[in-house]
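One predicted model, sequence on top.
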Amino acid sequence: MHKSINFIVGLFVVFAFICLGMVALRASTVEPMFQNQGYRLYARFDDISGLNVHAPIRIAGVKIGVVESIELLPKSYQAKVTMVIDTRFKNLPIDTSVSVATEGLLGSKYLEVTPGFDDGFIKSGGEITQTVSSISLEKLIGKLATSFVMEK
Amino acid sequence: MKKIEAIGAKALNAIAGVGKGAWLVLNGFILFFNNKRNWQTLIHQISFAGIMSLPLIAMSAVFIGMVFTIQSYWVLESFGAASEVGLVLGLSVFRELGPVITALLYTGRVGSSITAELGLMKTSEQFASMELMSVDPISRIVGPRLVAMVITLPLLTMFFNWVALLGSAFVAGKLIGLDSGTFWSNLKNGILFYSDVLPGLFKSVIFGLIIASVSLYHGYFGDATPSGVAKNSTRTVVQGSMLVLIFDYILVALMR
Amino acid sequence: MLNKYRSSEVKKPGPITLENVTFSRSGRKILDNISISIPSGKIIAIMGPSGTGKSTLMKLMTGELKPDVGSVMFNGKNIPDLSSRSLYEYRKEIGVMLQSNALFNELSVFENVAFPLREHFELKEDFLQSLVKLKLEKVGLRNACDLIPSELSGGMARRVSLARAIVRDPSIMFYDEPFTGQDPITRWVLLELIRRLHTTLNMTSVLVSHQVEMMTQLADVVYILSEGKIISSGTPKAVFKDKNPLVRKFVDGYSDGSKDMIHHPGQSLVEDLFK
């Protein structure tokens, strides 16, 4: 009697974990822990409005890392972004550039990395010097409007 | 003046209740490991709290998945985003609906019956008689039920999550006629296991602890009269559900 | 631990002695400066009208309650001072049959009786079987061992409860109102059973009861409690002839039926109806 109930309860536990496994396999991405397997790079931007911590970093649209932190540099008033990038993509050339991009027309912001062609690589903890700040739709519209006013 | 006194008395009572509940849960947890025989009792309790709840959880999960899919389909369709229906459902189920609804159902199904069971044991002097046989009821009765409840609720939530998805996939694929490949790939791309699925399961562990504390408290310390037992079962359901919702908010706010 | 079952010789229990015990609950004094001693090997009856603290007195002896003042000594130890572990040790020496029987309603009769053994000793299954069957045979319910408590009559449930109380071979047995709620035949059956167990198992038996007629038959020593005090004690014959008006009221009241019902204090009937 004990044995049969033990078996059924064991079955129940296994069954619950199979459900969890199905969710993990079919209905979600088991993201690698970048914090453990990644290395850090920095970049300074004039404007990163709309970019959040945990925003993805992509090369050619494929995710290679996440934004770990964003802080304001006290002297230059630039935004310093710390990125954690998968160690598989360790060899980024020195002239690599990074830009703030938007998913779709109104979507959330992410960082798009464009690898350069230099033979030297950026070391872990180094800085990507070429940055393109975010282009906000509001500012563009604002500029357009003022230019119309100027023309008048 | 008297009214303020009454409020003060109620507040003191509530605080004393929380203290007694914490004492009971802590002791139940520690004393559980004092007796080897508790493991077999634990198996029985998991069978009662978990396996017996499966039909209820399965039915609820299927229907919530199906209803939610139809509802969100109507809304999303008007934005031309009908293909995102799976993603919307998946996020809501894994983060909120799964843990919370399973916990609420669990309070009604398991919490209330544990309170009634303990209340009945108290009414018929079974705790006293165990004590007189040198058996500690906190170790043998409270302990296994506590551990079983904390273990089974997350397991049931895992089950709920998957079954709700199946219900949704059925409605989306067969009834609405969306492409099931898109449905699943949207889910897979949009949902992160570590930041969407696991936090929900962590919440359900906490909910299990809350429901166990409330139901065992009302069973063990509640009035040992027939009407008292009935009232205490109701109290378990009301307070258990409210605490689950309150702690859901607190946990979500903290985990962000 | 098993020696207890192998040896035929059961060690003589030390007597329980209560000295100057006072107990009050929510401001009301239930027991007031009581001193009694429970001699070994005797059947002791604690009697008195309902609500005089008989059961409270018993609960003080079993360690369920602690007195405000006074000591409850057993084998040189004060029971209220015991740690919960030594209290559990002490309770291995005693068996208690509660008024409500307190059977575990999800367990069979056999498992109910086996419960204390399974909890405390790791016995081989066939040895446990025979121990439990022997105890059930003593109360005449060996063939009812597969029934569950809800299938039992009141008298049978009481006997199962009795079998469970004696399964650890206690040296002191406590019975809380053993005859209450039983029909006359069952009452005499139980009385015979208690007497037989008392002599065969060489126990001290403490009964809490208000049934004068039964106790005249059974008890060696009788204590009569009224309003928290011992008002009479001695052999049943002597006690039931005591001239003390309180004793007379209790003894005669029970043999003559309720001669004068005590009204709950408050307004008189005239005041209440024609106000």
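Received, thanks.

Specify the next element, helix or strand, located C-terminal of the lowest-mean-pLDDT helix or strand in chain A.
Using mean pLDDT, DSSP states H and E, helix A:34-37 stands out as the lowest-scoring helix or strand of chain A, at a mean of 56. Next helix or strand after helix A:34-37 toward the C-terminus (DSSP states H and E): strand A:38-45.

For that following strand, which helices and strands make contact with it?
Secondary-structure packing of strand A:38-45 (3 or more Cβ pairs under 8 Å, 6 or more residues apart in numbering or on different chains; DSSP states H and E): strand A:79-86, strand A:127-128, strand A:130-132. Every C-beta, even on glycine, is put in place using the N, C-alpha and C of the backbone.

which of those has the lowest average pLDDT?
With a mean of 83, strand A:130-132 has the lowest mean pLDDT of the helices and strands packed on strand A:38-45.

Scan chain A for its longest strand.
strand A:62-72 (DSSP state E).

Say whether chain B is contacted by it.
No: no part of strand A:62-72 sits near chain B under the criterion Cβ under 8 Å from any Cβ of the partner chain; the closest distance found is 10.2 Å.

So which residues of chain C form strands?
Counting by DSSP E, the strands of chain C are C:16-25, C:28-38, C:43-47, C:69-74, C:77-78, C:94-97, C:172-176, C:204-209, C:221-226, C:229-234.

In JSON lines: the ones you listed, plus mean pLDDT, distance to chain B and mean neighbour count.
Shown next, in JSON lines, are the strands of chain C (pLDDT from 0 to 100; distance: least, Cβ to the nearest Cβ, whole Å; neighbours: other Cβ atoms under 10 Å in any protein chain shown):
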{"stretch": "strand C:16-25", "mean pLDDT": "86", "distance to chain B": "15", "mean neighbour count": "17"}
{"stretch": "strand C:28-38", "mean pLDDT": "84", "distance to chain B": "17", "mean neighbour count": "17"}
{"stretch": "strand C:43-47", "mean pLDDT": "89", "distance to chain B": "17", "mean neighbour count": "25"}
{"stretch": "strand C:69-74", "mean pLDDT": "86", "distance to chain B": "15", "mean neighbour count": "17"}
{"stretch": "strand C:77-78", "mean pLDDT": "85", "distance to chain B": "16", "mean neighbour count": "14"}
{"stretch": "strand C:94-97", "mean pLDDT": "89", "distance to chain B": "4", "mean neighbour count": "26"}
{"stretch": "strand C:172-176", "mean pLDDT": "90", "distance to chain B": "9", "mean neighbour count": "23"}
{"stretch": "strand C:204-209", "mean pLDDT": "89", "distance to chain B": "13", "mean neighbour count": "24"}
{"stretch": "strand C:221-226", "mean pLDDT": "87", "distance to chain B": "21", "mean neighbour count": "23"}
{"stretch": "strand C:229-234", "mean pLDDT": "84", "distance to chain B": "25", "mean neighbour count": "17"}
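
now the ones you listed as JSON lines including distance to A:Gly120?
Below are the strands of chain C laid out as JSON lines (distance: least, Cβ to Cβ, whole Å):
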{"stretch": "strand C:16-25", "distance to A:Gly120": "87"}
{"stretch": "strand C:28-38", "distance to A:Gly120": "92"}
{"stretch": "strand C:43-47", "distance to A:Gly120": "98"}
{"stretch": "strand C:69-74", "distance to A:Gly120": "89"}
{"stretch": "strand C:77-78", "distance to A:Gly120": "85"}
{"stretch": "strand C:94-97", "distance to A:Gly120": "87"}
{"stretch": "strand C:172-176", "distance to A:Gly120": "91"}
{"stretch": "strand C:204-209", "distance to A:Gly120": "95"}
{"stretch": "strand C:221-226", "distance to A:Gly120": "100"}
{"stretch": "strand C:229-234", "distance to A:Gly120": "102"}
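
Which one of these lies nearest to B:Ser180?
Among the strands of chain C, the nearest to B:Ser180 by Cβ to Cβ is strand C:94-97 (66.1 Å).
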